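1. Build the 3D model from these lines:
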Amino acid sequence: MTWLVLVLAVVLVGLTVAAVLGRIDGSLAEPTTSLSYLPLPEGSLTHADLEAIRLDTGLRGYRMDQVDEVIGRLAQEIDGLQARLAATSEGSPSGVDAGVVEAPEHLP
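-> Predicted coordinates:
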């Protein structure tokens, strides 16, 4: 009789642990996150894309991985714009300096 109670107790403990861990029905809830960061969209960036950037804060400021991603993407965009400017200024009058780019009106 003691063995039966012991086996029953072990089975009940095992079922309880499996239920708590979500193993009985085979499904676990998808992990949730409190992060609000959305990556920059593909293609050319607009002023609205830059205004919409929301970086999450970490223990010591902004999350470095998110900042690095945004800075890398902006650097690619700037390189592309400079290459386009250089390509268009090669065929323009000699009075245009390819290294000087005026800021658009919507940027401070």
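
2. in the chain, what secondary structure element scores lowest on mean pLDDT?
-> Counting by mean pLDDT, DSSP states H and E, the chain has its least confident helix or strand at strand 57-58, which shows a mean of 78.

3. The helix or strand following that one: partners in the sheet, and parallel or antiparallel?
-> The helix or strand immediately downstream of strand 57-58 is strand 61-62, counting by DSSP states H and E. Its sheet considered, strand 61-62 pairs with strand 57-58 (antiparallel) by DSSP bridges.

4. ok now the least confident helix or strand of the chain, how far from the chain's centre?
-> Relative to its chain's centre, strand 57-58 lies at 13 Å (CA atoms, centre = their mean, to the nearest Å).

5. Provide the contact partners of it at residue level.
-> Strand 57-58 has contacts (CB atoms under 8 Å, 6 or more residues apart in numbering) with Arg63, Met64. Every residue, glycine included, has its C-beta placed from N, CA and C.

6. Check stretch 61-70 too.
-> Contacts to stretch 61-70, defined as CB under 8 Å, 6+ apart, come from residues Tyr37, Pro39, Leu40, Ile53, Leu55, Asp56, Thr57, Gly58.

7. which stretch of helix or strand covers the fourth one?
-> Following DSSP H and E, there is no helix or strand that holds Ile53.

8. can you tell me how far it sits from Gly91?
-> To Gly91, Ile53 is 35 Å away according to CB to CB, to the nearest Å.

9. higher neighbour count, these two?
-> Ile53 (14 against 7; other CB atoms under 10 Å).

10. Could you pull up the residues touching the more buried one?
-> Leu40, Val70.

11. 10 Å instead, please
-> Residues near Ile53 by CB atoms under 10 Å, 6 or more residues apart in numbering: Tyr37, Leu38, Pro39, Leu40, Gln66, Val67, Val70, Leu74.
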